[in-house]
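J.: I would like the atomic coordinates for the input below:
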Amino acid sequence: MSYLDQLREENESVKERYELAMDRVNTMLEEKESTWLFQEENENFFCYFQEVKEYLKKIEKTYGLVVTGETKTMALEALQELNHDLYQTLGLDKQESYETSFLNPQYAAMKLGKKDGKLLSFVYTELTGLVSYAFTQRLFDMTIGIELFLEIFGYYNDNSGNAYKDAKSAVYYYISDYSDVRMEMRTRELFDPSLSFVAELIEEWDLNDLRYLYQFGEYIGENELGAAAYLNTLSQKEIDSLAATFTEGYRSGFINNNIDLSKKSTVNIRYNIGFERILKSAIAQFEKMGLKPTIYSAAKSSIHKKKNLKVGYTTTFPVQQFDYDHRFDEGLYLDKGFVERKLATLRMAYEKYKDLAKQFAGPCLIEVFGEVPFEPVEKEEAAVLSEKQQKLMVYYANEAGKISNEYMPGDETSFCIIAFPIPEIGDKFQEIFHETVKVNTLDMDMYREIQQKIIDTLDQGDYVIVKGTNGNLTDIKVKLGELKNPEKETNFENCLADVNIPVGEVFTSPKLEGTNGMLHVTRVFLKGLEYKNLKLVFENGMIKDYFCSNFKEEAKNKKYIEDNLLNQHKSLPIGEFAIGTNTTAYQMGRKYDIQAMLPILIAEKTGPHFAIGDTCYRMSEDLKVYNPDGKEIVARDNECSILRKTDMDKAYFNCHTDITIPYDELGEISVVKKNGTRIPIITEGKFVLEGTERLNDALEI
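T.: Numbering: from 1, shown residues only. The predicted model follows:
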């Protein structure tokens, strides 16, 4: 059954509601239904409702074009004009437009007042997803958004004096009352390949015809057009090779972790629009493994969003400040009752689709890099989470993680991640793309051999010393686990290019007790956000203090780290210590001056890195893992994760963020034995351990 067949019955059931709602939208504000909105002092509220009304009228027209099939026959220029017009109306076509859009909470507060502006900006934000819903014909989601807008319009229009209070209540019940339907659909999208709109789209279209890009309903810019156009210059053999790099990496993840892939039937693919030729080839390769794809859009509603992160298919959005401004919109409605309801609906959804969940193999991600680094502006007008709400968010993440693991055990799934550049990276995009392919396909045999020498040395140690240089103030001691049987056990995983592409790191879960000191990076981008002079102070493996210099006010710096790096936790443990060995990737970044643009997937291989949060083995610690030399990797737990056996609530933090020190800021990595003997591995940014010297070749170029 096709994607549209899946939605046809639902769309028919809600069609009359949609038409009635749009009839009301089309007639609102045409007559002076109340004196309040037409009074001069309330002109800004009139402008808000008028602006949203015009946007909804364009959505109605767009949906009509999609339903009749006209968007499939329109000329490329007409589709581009339609796409641009929709996002320009929202003020999301460029940063300058956003400054005077009611989607901007700062502008909304200035025009409508702090309380009303924040709330009405949120309502408008919920409606931005209607562009995508119109193109994917999600009529239910369109209808409930429009009905919410009309309800809120009614409260402000009747001038009862309780408009804000009634509108906020409406928002709460809109989010809460529809949570069961929306949580079920989102869960089903993860597991059910029949809902994969994208798979049908790329199968239907000739991908040389770039009109296909405008069938998603997502913003399409130069990155998407440029990437698709460039991929169309490559031969099918080259495309198949690019796809095989990560599909085979995905398969290897199951082999290396002794998980039976033959028991699985679905793989979830997340990617950036513009890479469909690679995606089409990957789907064919996955199907030969017995896997069908599930591919869904990045979240449009606050109920599914994960701060400013995009999970699903998406585009390189031109106004990153918009997502940042609305990353804590839950603060407008989040309470204990809602959290419990959301957890209950999540469990019901998993239970309903538990048979499909058993067939789920895990995600496969195609990341992109090259966007101009984003420096967010903190706005006091944006929604925030209270301390109580922050605790609720942590509670929800923990409980949702447990529910997910119950139906999709971590030791029965795997994943794979790969990254490619986008045209925004600069005039040498094609060169950088070629270099990235080279980085992604380095000689694994050579790295296996070199990394094994590093591991053999590390396994002799009691702890590791890491110190910075050239302005980097890092000075930290990393405590290693004790090996009971060194002939058969190891602390470090020899990480090759399987699930985590490219090749190039050895990593462990360090002991927390005895891990002390400071990690410092002068400049780093983590999950799309910049941190200047980031300093994390550890005491027995836990973050004790933290600093950065993004803002003049220390309080703002602290809050920035708490909100975006600590994920509302007061502290996090070191979940991973690794030594990156991919000097070729480091040299690529330096050669093209794109170090700041490299995704953490590549950047973590270009020096030692520390992950804060959970270990790499989260919820699969009991699954035995072996290195190519046959030794079991025994450092899968730390003092936090082991608590899963006695107190699951204290075991996990539901985050894992890698922070890398580049080679040119690295003064020393040395292993220290129990007898005090010190064995250097890296000195002044160069590998000095015998047998690793070949890694320096790329650094000399």
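
J.: List the buried residues for stretch 37-54?
T.: Neighbour counts over stretch 37-54 (16 or more other Cβ atoms under 10 Å) mark 37, 42, 45, 46, 48, 49, 51, 52, 53 as buried. Backbone N, C-alpha and C define where each C-beta goes, glycine included.

J.: Likewise for stretch 479-496?
T.: Neighbour-count burial for stretch 479-496 [16+ other Cβ under 10 Å]: 479, 480, 481, 483, 489, 490, 491, 492, 493, 494, 495, 496.

J.: Take these and write them to CSV, including secondary structure, pLDDT and distance to residue 322.
T.: Shown next, in CSV, are these (DSSP: H, G, I helix; E, B strand; the rest coil; pLDDT from 0 to 100; distance: Cβ to Cβ, whole Å):
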residue, secondary structure, pLDDT, distance to residue 322
479, strand, 98, 43
480, coil, 97, 44
481, coil, 94, 45
483, coil, 95, 50
489, strand, 97, 50
490, strand, 97, 46
491, coil, 97, 44
492, coil, 96, 42
493, strand, 95, 39
494, strand, 94, 42
495, strand, 89, 36
496, coil, 84, 39
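
J.: Of all pairs in those residues, which one is the farthest apart?
T.: 479 and 496 (26.0 Å; Cβ to Cβ).

J.: which stretches of this protein aren't confidently modelled?
T.: For the chain, applying pLDDT under 70 flags the ranges 1, 31-35, 701.

J.: Now do the helix or strand residue 12 falls within: everything it contacts.
T.: Assigned by DSSP states H and E, residue 12 belongs to helix 3-27. Helix 3-27 has contacts (Cβ atoms under 8 Å, 6 or more residues apart in numbering) with 53, 56-57, 60, 137-140, 142-143, 146-147, 149-150, 194-197, 200.

J.: Could you rerun that using 6 Å?
T.: 53, 56, 60, 137, 139-140, 143, 146-147, 150, 194-195, 197, 200 (Cβ atoms under 6 Å, 6 or more residues apart in numbering).

J.: How far does that helix sit from its chain's centre?
T.: Helix 3-27 sits 31 Å away from the centroid of its parent chain (Cα atoms, centre = their mean, to the nearest Å).

J.: what distance separates the very next helix or strand once past it from the middle of the whole chain?
T.: Downstream of helix 3-27, the first helix or strand assigned by DSSP H and E is helix 43-67. Relative to its chain's centre, helix 43-67 lies at 30 Å (Cα atoms, centre = their mean).

J.: so the next helix-or-strand element following helix 43-67 versus helix 43-67, what angle?
T.: Downstream of helix 43-67, the first helix or strand assigned by DSSP H and E is helix 76-90. With axes from the mean of the first three to the mean of the last three Cα atoms, to 10 degrees defining the directions, helix 76-90 sits at 150 degrees from helix 43-67.

J.: Pull out the buried residues from helix 76-90.
T.: Buried residues in helix 76-90, counted by 16+ other Cβ under 10 Å: 79, 80, 82, 83, 86, 87, 89, 90.

J.: separation between the third one and residue 194?
T.: Using Cβ to Cβ, to the nearest Å, we find residue 82 at a distance of 28 Å from residue 194.

J.: Could you do the fourth one as well?
T.: From residue 83 across to residue 194, the span is 27 Å (Cβ to Cβ).

J.: Which helix or strand contains the closest residue to residue 381 other than its chain neighbours?
T.: Leaving aside its chain neighbours, residue 381 sits nearest to residue 109 (4.0 Å; criterion: Cβ to Cβ, 6 or more residues apart in numbering). Secondary structure assignment for residue 109, by DSSP H and E: helix 105-112.

J.: Packing partners of that helix?
T.: helix 114-127 (3 or more Cβ pairs under 6 Å, 6 or more residues apart in numbering; DSSP states H and E).

J.: export the helix it packs on as CSV, just CAs?
T.: In CSV, the C-alpha atoms belonging to helix 114-127 read as follows (Å, rounded to 0.1, in the frame of the first residue of the first chain):
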residue,chain,number,x,y,z
LYS,A,114,6.4,40.1,26.4
LYS,A,115,3.7,37.5,27.5
ASP,A,116,1.5,37.7,24.4
GLY,A,117,4.4,38.0,22.0
LYS,A,118,6.1,34.8,23.4
LEU,A,119,2.9,32.8,23.2
LEU,A,120,1.7,34.0,19.8
SER,A,121,5.2,33.6,18.3
PHE,A,122,5.0,29.9,19.5
VAL,A,123,1.6,29.4,17.8
TYR,A,124,3.0,30.8,14.6
THR,A,125,6.0,28.5,14.9
GLU,A,126,3.7,25.5,15.2
LEU,A,127,2.1,26.6,11.9
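
J.: Same question for that helix: list its buried residues.
T.: Of the residues in helix 114-127, 116, 117, 118, 119, 120, 121, 122, 123, 124, 125, 126, 127 count as buried by neighbour count, 16+ other Cβ under 10 Å.

J.: Show the subsequent helix or strand relative to that helix.
T.: helix 130-135.

J.: Taking their axis directions, the helix or strand following that following helix and helix 43-67 sit at what angle?
T.: Next along the chain after helix 130-135, taking DSSP H and E as the criterion, comes helix 139-157. Orientation of helix 139-157 against helix 43-67 (the same axes, to 10 degrees) gives an angle of 160 degrees.

J.: Let me know the angle separating helix 139-157 from helix 3-27.
T.: What separates the directions of helix 139-157 and helix 3-27 is an angle of 20 degrees, with the same axes, to 10 degrees.

J.: Show me what helix 139-157 is packed against.
T.: Packing partners of helix 139-157 (3+ Cβ pairs under 6 Å, 6+ apart): helix 3-27, helix 114-127, helix 130-135, helix 163-177.

J.: who's in contact with the helix holding residue 109?
T.: Taking Cβ under 6 Å, 6+ apart as the rule, helix 105-112 contacts 44, 100, 102, 117, 118, 120, 121, 325, 379, 381, 382.

J.: So for it, what gets flagged as buried?
T.: Neighbour-count burial for helix 105-112 flags 105, 106, 107, 108, 109, 111, 112 (criterion: 16+ other Cβ under 10 Å).

J.: now it, how far from the centre of its chain.
T.: In terms of Cα atoms, centre = their mean, the centre of helix 105-112 is set 28 Å apart from its chain centre.

J.: do stretch 21-30 as well
T.: 37 Å.

J.: Pull out the buried residues from it.
T.: Buried-residue list, stretch 21-30, by 16+ other Cβ under 10 Å: 21, 22, 25, 28, 29.

J.: and of those residues, the nearest to residue 216?
T.: For the buried residues of stretch 21-30, the nearest to residue 216 is residue 22 (22.7 Å; Cβ to Cβ).

J.: Return the distance of the closest one relative to residue 58.
T.: Per Cβ to Cβ, residue 22 is found 12 Å from residue 58.

J.: now do residue 589
T.: Distance of residue 589 to residue 58, given as Cβ to Cβ: 42 Å.

J.: Return the member of the buried residues of helix 76-90 nearest to residue 597.
T.: Closest to residue 597, out of all of the buried residues of helix 76-90 and judged by Cβ to Cβ, is residue 87, at 24.0 Å.

J.: Not counting its neighbours along the chain, what's nearest residue 299?
T.: In space, residue 299 is closest to residue 305, 4.6 Å off (Cβ to Cβ, 6+ apart).

J.: So which bits of stretch 56-72 are buried?
T.: Quick answer for stretch 56-72 (16+ other Cβ under 10 Å): 56, 58, 59, 60, 62, 63, 65, 66, 71.

J.: in the stretch 501-650 of the chain, which spans are helices?
T.: 554-564, 583-591, 600-603 (DSSP state H, counting those that start in this stretch).

J.: Can you give the contact residues for the shortest one?
T.: For helix 600-603, the external contacting residues (Cβ under 6 Å, 6+ apart) are 417, 419, 585, 658, 660.

J.: that older thread, among the buried residues of stretch 21-30, which two are most distant?
T.: Farthest pair in the buried residues of stretch 21-30 (Cβ to Cβ) is 21 and 29. Separation: 15.1 Å.
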